[in-house]
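> based on what follows, work out the 3D shape:
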Amino acid sequence: MHAFLQTPLGVVILTLAEALALLVPLLMGVAYLTYAERKVLAAIQMRRGPNVVGPFGLFQPFADAIKMVMKETIIPTGANRLLFLMAPMLTFALAMIAWAVIPVNDGWAIANINVGVLYLFAISSLGVYGVIIAGWASNSKYAFLGALRSAAQMVSYEVSMGFIMVTVLICVGSLNLNDIVMAQRTVWFCVPLFPMFIMFFISTLAETNRSPFDLPEGESEIVAGFFVEYSAMSFALFFLGEYANMILMSAMTTILFLGGWLAPFGLEPFTWIPGPIWFIAKVMVVLFGFLWVRATFPRYRYDQLMRLGWKVFLPLSLGYLVLVAGVLLVMGWLPHVA
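Residues are numbered from 1 along each chain as shown. Just a heads-up that it's a prediction; the model follows:
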């Protein structure tokens, strides 16, 4: 069996098995994240939420999926058919392939590469293209306006996110996500880098177009943003891509600041719990933060959104980066980047 796995066919089969082992639970997680969001919002707003389809409404995500599959995909007359259909596929595909470098336990990654952070940078930067293509190919002013808003928002907050991630990298001395987690065995980075942790979480809200930064989907101003002309399964792919990105950003927050799969501060009573359980639990806590913020805060104006990104987060993240680098240099703790 081991000899077969060394052959080209064996490598392909093994890679496909690893991809399915990751993507199937991820898609189930995306489905039930929509259910959890509706339940959390209902509890905060003193409503019931989904409670009809199945016990406690647990089959509601499957009912929604069947509804989307059975609907007709309507393509506007003046739309570019190829790009119109390609945009949601691109958005969904990018949200999936980013998970190739995410480790859920020590060495548990499909591709444990030494430049995992750069890979995530590249994938997140490409996400803008799906949005722009969708807005332009729809041949609608509303969709195009929503796409421009979304692209400007995503690019703006990627800059400060980049400085925050570089701050973590200079503390570790490696671009490997596995190494970043293992460097937090004693203390999680959310403690010494607490301001960066808060800024990173807020930036992930803006990066995923979530409330209170859901300007591209401002229903009261521009109907529904860049996917206003989409329906049925093409709309569902955007929907799945957004929620998969939420889980991805929560996983990145967990890896960079919350110790990944490690027990809290290496405390002995907690180390018997398997690493993947800790990882999933931390991701769920961060996701709850996404949902809680949506139910609590009103939407920002566009000028407030841009001011926060360029005039607050950018100088703060750059200043904290310089401060951390200076402290590490003075103390003689500055590692050599692997």
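
> wait, residue 226 touches residue 153, no?
No: taking contacts as CB atoms under 8 Å, residue 226 lies outside contact range of residue 153: 11.4 Å. To be clear about C-beta, it is placed using only N, CA and C from the backbone, and glycine gets the same treatment.

> which of those two has more neighbours?
A count of neighbours by other CB atoms under 10 Å puts residue 226 above the other of residue 226 and residue 153, at 33 against 23.

> the closest residue to residue 253 other than its chain neighbours: which element?
The shortest distance from residue 253 to any non-neighbouring residue, by CB to CB, 6 or more residues apart in numbering, is to residue 286 (5.1 Å). Taking DSSP states H and E as the definition, residue 286 sits inside helix 275-296.

> that helix: what's the following helix or strand?
Per DSSP H and E, the helix or strand that comes after helix 275-296 is helix 302-307.

> run a quick neighbour tally on residue 119.
Residue 119 has 17 nearby residues by other CB under 10 Å.

> for it, give its distance to residue 110.
Distance, residue 119 to residue 110, by CB to CB, to the nearest Å: 11 Å.

> now do the shared contacts for those two.
Counting by CB atoms under 8 Å, 6 or more residues apart in numbering, the common neighbours of residue 119 and residue 110 are 100-101.

> contacting residues for the nearest residue to residue 299 once chain neighbours are set aside?
For residue 299, ignoring the flanking residues on the chain, the nearest one in space by CB to CB, 6+ apart is residue 212 at 5.2 Å. Shown in contact with residue 212 (CB under 8 Å, 6+ apart): 205, 293-294, 297-300.

> go again with 10 Å.
The contact partners of residue 212, taken as CB atoms under 10 Å, 6 or more residues apart in numbering, are 202, 205-206, 293-294, 296-300, 304-305.

> ditto for residue 197
164, 168, 188-191, 253, 256-258.

> can you do 6 Å?
190, 257 (CB atoms under 6 Å, 6 or more residues apart in numbering).

> repeat for residue 19
Counting by CB under 6 Å, 6+ apart, residue 19 has no contacts.

> next structured bit after the stretch of helix or strand it belongs to?
Taking DSSP H and E as the criterion, residue 19 maps to helix 8-44. Tracing the chain past helix 8-44, the next element assigned as helix or strand by DSSP H and E is helix 60-70.

> which strands and helices sit next to that following helix?
helix 8-44, helix 232-257 (3 or more CB pairs under 6 Å, 6 or more residues apart in numbering; DSSP states H and E).

> report the buried residues of that helix.
Counting neighbours by 16 or more other CB atoms under 10 Å, one finds that the buried residues in helix 60-70 are 60-61, 64-65, 68.

> wait, which of those residues is closest to residue 88?
The shortest approach to residue 88 among the buried residues of helix 60-70 belongs to residue 68, at 11.7 Å (CB to CB).

> so what's the closest one closest to, chain neighbours aside?
residue 236 (4.1 Å).

> for the one you found, give me the pLDDT.
Here the pLDDT value assigned to residue 236 is 87.

> that one: how many residues sit nearby?
Neighbours of residue 236 using other CB under 10 Å come to 20.

> that one contacts residue 69, doesn't it?
No: counting by CB atoms under 6 Å, residue 236 does not reach residue 69; the two are 7.8 Å apart.

> in the stretch 51-200 of the chain, which spans are helices?
Under the criterion DSSP state H, counting those that start in this stretch, helices of the stretch 51-200 of the chain are mapped to 60-70, 81-97, 116-137, 141-172, 177-182, 194-207.

> next, count neighbours for residue 246.
There are 26 residues near residue 246, going by other CB under 10 Å.

> try the one 10 residues further on
Using other CB under 10 Å as the criterion, residue 256 is surrounded by 27 other residues.

> wait, doesn't it sit right on residue 167?
No: the criterion here is CB under 6 Å, and residue 256 misses it with residue 167 at 9.4 Å.

> tell me the domain boundaries of the protein?
8-70, 79-331 (automatic domain parsing).

> so which of those is the most packed in?
The highest mean neighbour count among the domains of the chain, using mean count of other CB atoms under 10 Å, belongs to domain 79-331: a mean of 19.

> what about that domain, start to end distance?
59 Å (CA to CA, to the nearest Å).

> with adjacent residues omitted, what lies nearest to residue 84?
Nearest to residue 84 is residue 137, by CB to CB, 6+ apart, at 4.2 Å.

> now do the contacts for the one you found.
79-80, 83-84 are the contacts of residue 137 under CB under 6 Å, 6+ apart.

> pretty sure residue 18 sits against residue 110.
Yes: the criterion here is CB under 6 Å, and residue 18 meets it with residue 110 at 5.0 Å.

> gap between the nearest residue in space to residue 167 that is not next to it in sequence and residue 252?
Leaving aside its sequence neighbours, residue 167 sits nearest to residue 321 (CB to CB, 6+ apart; 4.8 Å). As judged by CB to CB, residue 321 and residue 252 stand 18 Å apart.

> try residue 47
Distance from residue 47 to residue 252, by CB to CB: 32 Å.

> that older thread, how about the CA coordinates for the helix holding residue 286, as CSV?
In CSV, the C-alpha atoms belonging to helix 275-296 read as follows (Å, rounded to 0.1, in the frame of the first residue of the first chain):
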residue,chain,number,x,y,z
GLY,A,275,-5.8,19.7,19.2
PRO,A,276,-8.5,19.7,16.4
ILE,A,277,-11.2,20.1,19.1
TRP,A,278,-9.4,23.2,20.5
PHE,A,279,-9.0,24.6,17.0
ILE,A,280,-12.6,24.2,16.1
ALA,A,281,-13.8,25.6,19.5
LYS,A,282,-11.6,28.7,19.0
VAL,A,283,-12.9,29.2,15.5
MET,A,284,-16.5,28.9,16.7
VAL,A,285,-15.8,31.5,19.4
VAL,A,286,-14.5,34.0,16.8
LEU,A,287,-17.4,33.2,14.5
PHE,A,288,-19.8,34.0,17.4
GLY,A,289,-18.1,37.4,17.5
PHE,A,290,-18.9,37.9,13.8
LEU,A,291,-22.6,37.2,14.5
TRP,A,292,-22.7,39.2,17.8
VAL,A,293,-21.3,42.3,16.0
ARG,A,294,-23.9,42.0,13.3
ALA,A,295,-26.8,42.0,15.8
THR,A,296,-25.3,44.9,17.8
